[in-house]
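Asks: Have a look at this fold, sequence not included:
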């Protein structure tokens with residue numbers, strides 16, 4: 001049974017690096033999600049959170 005839920009916000013739009021601008025998961029991570037166990041899902045979510053933070057910092061520095 002999978003306990004870790006997706007961060008999908010139904011705002012799917014991939015950037016040039018194949019990162020979703022809605023949930024910040026890579027295309028590979030999105031495709032892998034349904035087969036991933038909770039440990040792998042947590043790792044995917046951690047990667048997405050890091051990307052989201054970097055994106056926020058980048059956007060803030062460009063303002």
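Replies: Alright, I've got the coordinates. Everything numeric here is computed off the predicted structure, so don't read it as measured data.

Asks: CA atoms for contacts and neighbours, from now on please.
Replies: Noted.

Asks: can you list contacts of the stretch of helix or strand residue 45 belongs to?
Replies: Here residue 45, judged by DSSP states H and E, is contained in helix 38-62. Where contact means C-alpha atoms under 8 Å, 6 or more residues apart in numbering, the residues beyond helix 38-62 that reach it are 2-4, 7, 23-26, 29, 33.

Asks: repeat that with 7 Å
Replies: The set of residues external to helix 38-62 that reach it, using C-alpha atoms under 7 Å, 6 or more residues apart in numbering, is 2-4, 23-25, 29, 33.

Asks: what about residue 52, how many residues close to it?
Replies: Residue 52 has 17 neighbouring residues, counting by other C-alpha atoms under 10 Å.

Asks: Check residue 60 too.
Replies: For residue 60, the number of neighbouring residues by other C-alpha under 10 Å comes to 9.

Asks: Spatially nearest residue to the residue nearest in space to the middle of the chain, not counting backbone neighbours?
Replies: Centre of the chain computed as the mean C-alpha position; nearest residue by C-alpha atoms, centre = their mean is residue 25, 2.1 Å away. What sits nearest to residue 25 in space, not counting adjacent residues and going by C-alpha to C-alpha, 6 or more residues apart in numbering, is residue 48, at 5.0 Å.

Asks: looking at this structure, which helix or strand does the model trust least?
Replies: Of the helices and strands making up the chain, the lowest-confidence element is helix 38-62, at a mean of 92, by mean pLDDT, DSSP states H and E.

Asks: ok now that helix, how far from the chain's centre?
Replies: Relative to its parent chain, helix 38-62 has a centroid offset of 7 Å by C-alpha atoms, centre = their mean, to the nearest Å.

Asks: cool, and stretch 28-45?
Replies: Its chain's C-alpha centre and that of stretch 28-45 lie 10 Å apart, by C-alpha atoms, centre = their mean.
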